[in-house]
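**Q** please work out how this folds:
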Amino acid sequence: MEIVSVSSQESLAHKASEWIQRHSTSRKAQSIFLPAGQTPIPLYEYWNQSKPEFLTSMKLLQVDDVITGSSRGMFKNFFEEHLSQFKTNLQGIEDDLPIADLAVLGLGSNGHVAFHEPGIPPEFFGGCVQLCKATCEGLNIENNSWGLTYGLASFLSSQSILLIVSGKSKQEIFKRFLEEEKTFPATYLKGHVRLTVIADEDAIGETLDFT
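**A** Below you'll find the predicted structure:
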């Protein structure tokens, strides 16, 4: 596992984009798993502005979405807004769940990745899941909502994984991610031979030392 510290959202976006470009070239990747949420917004804004050439032929696979209640399809709407320059590349999550060559993921406040919630077996490839109360509250959606998601087994099948961690609210769960082994979904990603973590200073905090 490689850990890269960044000092700003701009630096986070540049480092993440450089990682994706480098791995898409070296692995001859044609598709990328991408998450919704606040964490990747700087990256997507950077892409909309810079329009990197390497993305023009890539499939951008949405990793999850809400499928019940008034918030159904909220992540599809998110991608249409935040990756407006790449609408033709976007592929919403569907029942067939094709695997992507690269995976870009965020770290949930309870340790989930996509909607692979704590308590779901690590062998879970993907499908419909009931969302945890903490996840529903974090998204400001109805409790007992359901989502359609890829699971750890899908992400671990990718050739390379990038985990992006941002914000003070992620300090505690990031510290646990670094220290613990296989206690919540994200910790299983550490078993992948090509995992890179990009974390900003707010997420790292003053008490973390991964040197």
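**Q** pLDDT weak spots in this structure?
**A** Scanning the chain for pLDDT under 70 picks out 207-211.
**Q** in it, which helix is the longest?
**A** Using DSSP state H, we find that the single longest helix of the chain is helix 9-26.
**Q** name the helices or strands packed onto that one?
**A** strand 2-6, helix 41-50, strand 102-106, strand 160-165, strand 195-200 (3 or more Cβ pairs under 8 Å, 6 or more residues apart in numbering; DSSP states H and E). The way it works is simple: take the backbone N, C-alpha and C, and place the C-beta from them, glycine included.
**Q** quick one, helices of the chain?
**A** 9-26, 41-50, 74-82, 133-139, 152-155, 171-179, 201-204.
**Q** right, so those: which one is the most enclosed?
**A** helix 152-155 (a mean of 23; mean count of other Cβ atoms under 10 Å).
**Q** next one: it to chain centre, how far?
**A** With Cα atoms, centre = their mean, to the nearest Å as the basis, helix 152-155 stands 12 Å off its chain's centre.
**Q** list the helices and strands that helix packs on?
**A** If contacts are counted by 3+ Cβ pairs under 8 Å, 6+ apart, helix 152-155 sits against strand 102-106.
**Q** how about residues contacting the strand it packs on?
**A** Identification of contacts with strand 102-106 by Cβ atoms under 8 Å, 6 or more residues apart in numbering yields 16, 20, 23-24, 27, 29, 31-35, 37, 39-40, 43, 63, 113-114, 154-155, 158-166, 186, 189.
**Q** PyMOL command to pick out the buried ones of those?
**A** Of these, the buried ones go into a single PyMOL selection, burial set by 16 or more other Cβ atoms under 10 Å:
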select buried, resi 16+20+23+24+29+31+32+33+34+35+37+39+40+43+63+113+114+154+155+158+159+160+161+162+163+164+165+166+186+189
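**Q** for residue 76, give me its contacts.
**A** 62, 65, 92.
**Q** kindly report the same for residue 205.
**A** Residue 205 neighbours (Cβ under 8 Å, 6+ apart): 168, 171, 175.
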